[in-house]
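Engineer: dropping a prediction and its sequence here:
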Amino acid sequence: MVKLKFYGIGGQGAVTAAKVLSEAVSLFEGRYAITVPAYGHERRGAPVFAHIIVDDEPVLLNCYVYDPDIVVVMDEGIIDKKVDVTEGCTGSTVLVLNSGSEDYVSRYRQLGAFGDIYVCDATAAAERNMGLSIPNSAMLGALAKTGLVSIEAVEKAVADSFGKVGEVNVNAARDAYEHTRKA
């Protein structure tokens, strides 16, 4: 069982990304997943969370994730909004961070709650491929770099989920996957 927590800002597609991840592992990898969103203030710009559990066996839990194995941060500045992205983390929790700033990477590393840190400027990948600064598909590409899900499954789920704009979202996911690095 792998437990994930997505952190984002309203309008970035964090909840959508969590749902697409569930589809990627369930429909295209033959595993099981459940997604539990937490919308908070339900407005653009407010912190948004989503909880995902992925397993090879049916997931019988339907609850929030309190001790994540992987944390996905879709907006590097969320720590400036006093959101504790380290809650429940251990020294081995993996961080997937959307950032183009070495200063932010350093700030997250200094939190001391994460083992491996994967970094990608997913917003830039989204802008290059979609012309929009909505990093959800790109962040799924970055998450694929951790080995949790294959990039091929992500691409298929993104294409299915986004219909007419699926191709540019798939391109953003692939772009981010190719530009994700371990920090």
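Structural biologist: Good, I have the coordinates. Residues are numbered from 1 along each chain as shown.

Engineer: which residue ranges form the strands in the chain?
Structural biologist: 2-9, 32-38, 47-55, 70-73, 93-98, 114-120, 181-182 (DSSP state E).

Engineer: partner residues bridging the one residue sitting closest to the centre of the chain?
Structural biologist: The centroid of the chain falls nearest to residue 72 when counting by CA atoms, centre = their mean (4.1 Å). Beta-bridge partners for residue 72, by DSSP bridges, are residue 6, residue 96.

Engineer: first to last residue in stretch 117-135, what's the distance?
Structural biologist: Criterion CA to CA, to the nearest Å; first-to-last residue distance in stretch 117-135 is 18 Å.

Engineer: correction: the previous question concerned stretch 88-97.
Structural biologist: Using CA to CA, first and last residues of stretch 88-97 are 17 Å apart.

Engineer: list of residues touching it?
Structural biologist: Defining contact as CB atoms under 8 Å, 6 or more residues apart in numbering, one finds that stretch 88-97 is touched by 5, 65-73, 76, 85, 104-105, 108, 112-120, 139, 142-143, 145-146, 180, 183. All C-beta spots, glycine's among them, are computed from the backbone N, C-alpha and C.

Engineer: repeat that for stretch 55-70.
Structural biologist: Contact with stretch 55-70 is made by 1-5, 31-34, 36, 38, 51-53, 87-90, 92-96, 143, 146, 148, as judged by CB under 8 Å, 6+ apart.

Engineer: give me that answer again for 6 Å
Structural biologist: 1-5, 31-32, 34, 36, 51, 53, 88, 93-94 (CB atoms under 6 Å, 6 or more residues apart in numbering).

Engineer: could you identify the least confident member of these?
Structural biologist: Least confident entry in these, by pLDDT: residue 36, with 89.

Engineer: next, count neighbours for the residue nearest to that residue when sequence neighbours are not counted.
Structural biologist: Excluding the flanking residues, the one nearest residue 36 by CB to CB, 6 or more residues apart in numbering is residue 51, at 4.4 Å. Counted by other CB atoms under 10 Å, the residues lying close to residue 51 total 21.
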